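Undergrad: Here is my input; please provide its structure:
(one chain, ligands or ions: 1)
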Amino acid sequence: MSAQILDGIVFSAEIKEDVKRRVAAMKEQGVIPGLAVILVGDDPASELYVRNKGKGCEETGMLSRTIRMNAAATQEELEAEIDRLNRDPAIHGILVQLPLPGHLDEAAALAKILPEKDVDGFHLINAGHLMTGTEGVTPCTPKGALYMIRSTGEDLSGKEAVVIGRSNIVGKPMAMLLLQQNCTVTLCHSRTKNLAEHTRRADILVAAVGKAGFVTADMVKEGAIVIDVGINRVDGKVCGDVDFEKVKEKAGWITPVPGGVGRMTIAMLLSNTADAAERTLKRE
Ligand code: NAD
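TA: Model (predicted):
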């Protein structure tokens, strides 16, 4: 039987509707949630992401500000801009679009963002919150992926979850979120031996590798929840890490690419910004 499709277009619309309601409620109290995106250089993929973020803000009634900096901007200039946004009361969320040009220090820039305005959830303080299961900002992509996993209605407690990829922005936080759901988590990576032996045990399989067609049907357990985080371009077409056509005949649930996790990332960014604005309102 063919898998049920976990539709990122439907779920992200659900989240955006909720954000829209929350933004309207805050506006009544005189606060407009504001998201600032810093874009250094003119990488076309980053330009597209930034445009989509602006569109998301518009749809939900938030203030959106894009700060464009020259590709040759210095670390001092970048950090000065972050400092300005940290102090700006109209801005509740700050995002530095990655990757930065090679001469800039990404970690140092991210560390400059006030943790409460770090809507990407990449600051070390927020990484620490995720690690310890305390309240902080959760990275958008794994948060969106978890939303999709939970939408299956399956009891996640005790399930075998396998994550392929150990990046700080996807793989590691994904593993922590699944652990918080009481899954038994295996985190696989490029040095993992006998990868398929791990993935075949997975009730929940998350692929965040960046290689088209990497997860094949023989690597998937019958009835599994398969989440494809990958975004790859093959012959001008966008596809994920999972061999969708074959795996969907074996999995219980599967996310498509495009129209899957990618949609959730932006929705969760908007949701994290609304959370940040609500926290400010509470403090005032
Ligand atoms: P990354 O390059 O930082 O990490 C890739 C990971 O894959 C590494 O940890 C590596 O160990 C692992 N890997 C590589 N080859 C492997 C192999 N043969 N076997 C097992 N593991 C292997 O990438 P990332 O930033 O985590 O992104 C992963 C993918 O997700 C990319 O395609 C990226 O474009 C996509 N992505 C999508 C979204 C979204 O919104 N949907 C957000 C972020 C990243």
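
Undergrad: alpha carbons only for contacts and neighbour counts from here, please
TA: Fine.

Undergrad: For residue 96, grab phi and psi.
TA: Note on residue 96: backbone dihedrals following degrees, to the nearest 10 are phi -100, psi 120.

Undergrad: no, scratch that, I was asking about residue 5
TA: phi -90, psi 130.

Undergrad: so it sits right up against residue 260, yeah?
TA: No - using Cα atoms under 8 Å, residue 5 is not in contact with residue 260, being 9.1 Å away.

Undergrad: who has more neighbours, these two?
TA: residue 260 (27 against 16; other Cα atoms under 10 Å).

Undergrad: Next one: the more buried one from residue 240, what distance?
TA: As judged by Cα to Cα, to the nearest Å, residue 260 and residue 240 stand 9 Å apart.

Undergrad: where do the contact lists of the two overlap?
TA: 228, 229 (Cα atoms under 8 Å, 6 or more residues apart in numbering).

Undergrad: Next up, the contacts around residue 228.
TA: 206, 207, 208, 240, 241, 242, 254, 255, 256, 257, 260, 261.

Undergrad: Top of those by number of neighbours, please.
TA: Counting neighbours by other Cα under 10 Å, residue 261 comes out on top of the contacts of residue 228 with 33 neighbours.

Undergrad: just checking, that residue touches residue 146?
TA: No - with contacts counted by Cα under 8 Å, residue 261 stays clear of residue 146, the gap being 9.6 Å.

Undergrad: near the ligand, anything from stretch 80-99?
TA: No - counting by Cα under 6 Å from any ligand atom, the ligand is not contacted by stretch 80-99; separation bottoms out at 9.8 Å.

Undergrad: gap between the two ends of that stretch?
TA: Stretch 80-99 end-to-end distance (Cα to Cα) = 19 Å.

Undergrad: Could you list the buried residues of it?
TA: By neighbour count on 16 or more other Cα atoms under 10 Å, the buried set for stretch 80-99 is 82, 85, 86, 90, 91, 92, 93, 94, 95, 96, 97.

Undergrad: any idea how far that stretch is from the chain center?
TA: Taking Cα atoms, centre = their mean, to the nearest Å, one finds stretch 80-99 lying 19 Å from the centre of the chain it belongs to.

Undergrad: cool, and stretch 2-11?
TA: 17 Å.

Undergrad: ok, which stretches of the chain are strands?
TA: Assigned by DSSP state E, the strands in the chain fall at 4-5, 34-40, 63-69, 93-96, 160-164, 184-188, 204-207, 225-228, 232-234, 237-239, 253-254.
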